[in-house]
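>>> Got a predicted structure here, sequence first:
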Amino acid sequence: MMPAAARHKSSWEKLRGHHARLAQTPILHLFSAEAERGADFSLHCDGLFFDFSKTCVDQRAMNSLLELATGRGWEQRRAAMFAGQKINSSENRAVLHTALRIPEGAAVPDGCDEIHPTLSRMRKFSTDIREGRLRSASGDKFTDILNIGIGGSELGPALACGALRHCAAGPEAHFLSNIDAAQAASILPRLNPHTTLVIVTSKTFTTIETMTNARAVRRWMVETAGSQAPEIQFAAVSSNIPACAAFGINPDRVFGFGDYIGGRFSLWSPVGLVVMLALGSEAFHQMLAGAHAMDSHFNSAPERKNLPLLHALINVWHHQICGYPTRAILPYDHRLRRLPAYLQQLIMESNGKSVTHSGEELPQRSAAIIWGEPGTNGQHAFFQALHQGNRTVPCEFLIAASGDAPDLFNHHDLLIANCLAQSEALMSGQNPRGDLAAHRRCPGDRPSTTLIFPRLTPFVLGQLLALQEHSVFVEGSILDINSFDQWGVELGKRMAGRLLPLVAGEKPPGDINASTAQLLRNVHAARAAE
């Protein structure tokens, strides 16, 4: 029997052979060669419809992609993840964000017993806030929630609150993430300190950006609402209860979660408390239900009908096999405008690695560079490069079949027409005649996928985000990398801590890089000249 390493190498080589074989076959021609291509390269999943027929993959290439995934043991890794095995090998941790979505009353994996009691505490706290039983220090009902957090403590909640604001009325959610004082300075004047609830979201309660902002907001609240206000108007999402208490936050208002939840997978945990406060517990539970439905599908659907698996395989084909370095996320829904930023963290922080689980150099490309903008805005910005630029960018379109503004239904029809037209135009291109033919020519043969959902609801958002999580997992499994650590993020943090005294002028530059020393001198000179 061929050794595993040789089989894996052979699988990659086979796929590169398919790419070479298909290189001169336009995507449009594949529809002529495969009579049932539209049906064969699409699938339905609990109301979602995923079309990947406008990609340069044929049945033989798809068969080889499935063989690669099977050979890399994605099914065994999936079973290990759901069983709570410590698949985050570099940190010796389980990966159980899926356990957060298990319905109440159902069994959870060992070590996750606090999930449902914590969810019940969140529900009671948010309901008491929304219904006015818990009020501010001045006795007022809360009108605004300020969530202080960065990375996974901001991207997922901000996406969900923006995407689902039409579903339920509640306090307005605001997000303070950047350590740049300009963000705090722009948010705080718009808030009433007597009606604002502050949530400090940091698992360790040590994240420098979050804690710096939290101390600034605490000072603002003391100065404007009195010294008693922070005790009554602050809550925390953290597992460091002593640090929260030292900060002045009542332990009854601290909501923690286990080490088996990574930051970019934490929306479903108490990190989503701001979502529950803004939208209501029913909306949050529907979001959990949608994610759990996708978990169940991912765990049980056969491979040729498994949406996260096929989604991942198309991305592997485009990035690792075709060599396309970037991937555009194009939600044709203004409410999903934060989705590209959310997926930048989810995908690039998870799979932006250069070594395998065993520490060996990764022989394939790792994560694609993720970027994007909502349609139709993007059409009037970068779509020119998508259609006529000399680099191919695979595009991922997302669109709701129905909008939520009945008085403006014609807007949504126009939105759908634009979305479908762009994917068709990217594939078909145009070859005009005349004096300006060269300038007007669009080569076409640009790949894209399209995901249609009925309408944007909490359940559907849960489905969409869980789909992306599982797609990331499959890609990481195929590459044999740890998708659940982020050691690269830590390096810059440590270096910033060492540089801070130099920036503040508290220490001489010492032995630092000449470029960095020069930059510091210019900062100090610019300050002195003011």
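Cool, the structure landed.
>>> For the closest residue to T516 other than its chain neighbours, give me the pLDDT.
Leaving aside its sequence neighbours, T516 sits nearest to L499 (C-beta to C-beta, 6 or more residues apart in numbering; 7.5 Å). No exception for glycine: its C-beta is placed from N, CA and C like everyone else's. pLDDT recorded at L499 is 92.
>>> give me the element L499 is part of.
helix 487-503 (DSSP states H and E).
>>> ok now that helix, how far from the chain's centre?
25 Å (C-alpha atoms, centre = their mean, to the nearest Å).
>>> quick one: buried residues of that helix?
L499, L502 (16 or more other C-beta atoms under 10 Å).
>>> pLDDT (mean, whole number) over the very next helix or strand once past that helix?
Moving toward the C-terminus from helix 487-503, the next helix or strand (DSSP H and E) is helix 514-528. For helix 514-528, mean pLDDT rounds to 93.
>>> How about the secondary structure of A289?
Look at A289: counting by DSSP: H, G, I helix; E, B strand; the rest coil, its state is helix.
>>> residues near A99, how many?
By the measure other C-beta atoms under 10 Å, the count of residues near A99 is 24.
>>> what's near enough to touch the residue nearest to it when sequence neighbours are not counted?
Leaving aside its sequence neighbours, A99 sits nearest to C112 (C-beta to C-beta, 6+ apart; 4.7 Å). Contacts for C112 (C-beta atoms under 8 Å, 6 or more residues apart in numbering) come out as G84, L96, A99, G258, Y260.
>>> need the contact list for the third one.
Residues touching A99, when contacts are defined by C-beta under 8 Å, 6+ apart, comprise G84, V108, P109, C112, I115, Y260.
>>> R16 versus the nearest residue to G352 once chain neighbours are set aside, what's the distance?
Excluding its sequence neighbours, the residue lying closest to G352 (C-beta to C-beta, 6+ apart) is A367, at 4.5 Å. Relative to R16, A367 is positioned 19 Å away (C-beta to C-beta, to the nearest Å).
>>> Show me which of these two is the more surrounded one.
Taking other C-beta under 10 Å, A367 and R16 do not tie; A367 has more neighbours (23 against 15).
>>> Now do the same for that one: helix, strand or coil?
Under three-state DSSP, A367 comes out as coil.
>>> Return the distance of it relative to L346.
A367 sits 10 Å away from L346, going by C-beta to C-beta.
>>> go on, G444?
Using C-beta to C-beta, one gets 30 Å for the distance from G444 to L346.
>>> Could you check which of these two is surrounded by more residues?
A side-by-side neighbour count of G444 and L346, using other C-beta under 10 Å, places L346 first with 24 against 17.
>>> which residues sit in contact with the more buried one?
L346 makes contact with R264, F265, Q468, E469, V472, according to C-beta under 8 Å, 6+ apart.
>>> where's the first one relative to Q59, distance?
From R264 over to Q59 the distance is 35 Å, taken as C-beta to C-beta.
>>> Same question for the fourth one.
As judged by C-beta to C-beta, E469 and Q59 stand 28 Å apart.
>>> Next: the second one.
If you measure F265 against Q59 using C-beta to C-beta, the figure is 34 Å.
>>> Looking at these two, which has the bigger crowd around it?
Shown here are F265 and Q59; by other C-beta under 10 Å, F265 has more neighbours (26 against 14).
>>> does the more buried one really touch A466, like I thought?
No - contact status for F265 versus A466: not in contact, 9.9 Å apart, counting by C-beta atoms under 8 Å.
>>> ok, F459 touching Q286?
Yes - assessed by C-beta under 8 Å, F459 is found in contact with Q286 at 4.8 Å.
>>> Which residue ranges of the stretch 301-450 of the chain form helices?
Taking DSSP state H, counting those that start in this stretch, the helices of the stretch 301-450 of the chain run over residues 307-316, 339-343, 350-351, 383-388, 409-428, 437-440.
>>> Dump the ones you listed to a markdown table, plus distance to F484.
Output for those, formatted as a markdown table (distance: least, C-beta to C-beta, whole Å):
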| stretch | distance to F484 |
| --- | --- |
| helix 307-316 | 16 |
| helix 339-343 | 16 |
| helix 350-351 | 7 |
| helix 383-388 | 32 |
| helix 409-428 | 33 |
| helix 437-440 | 48 |
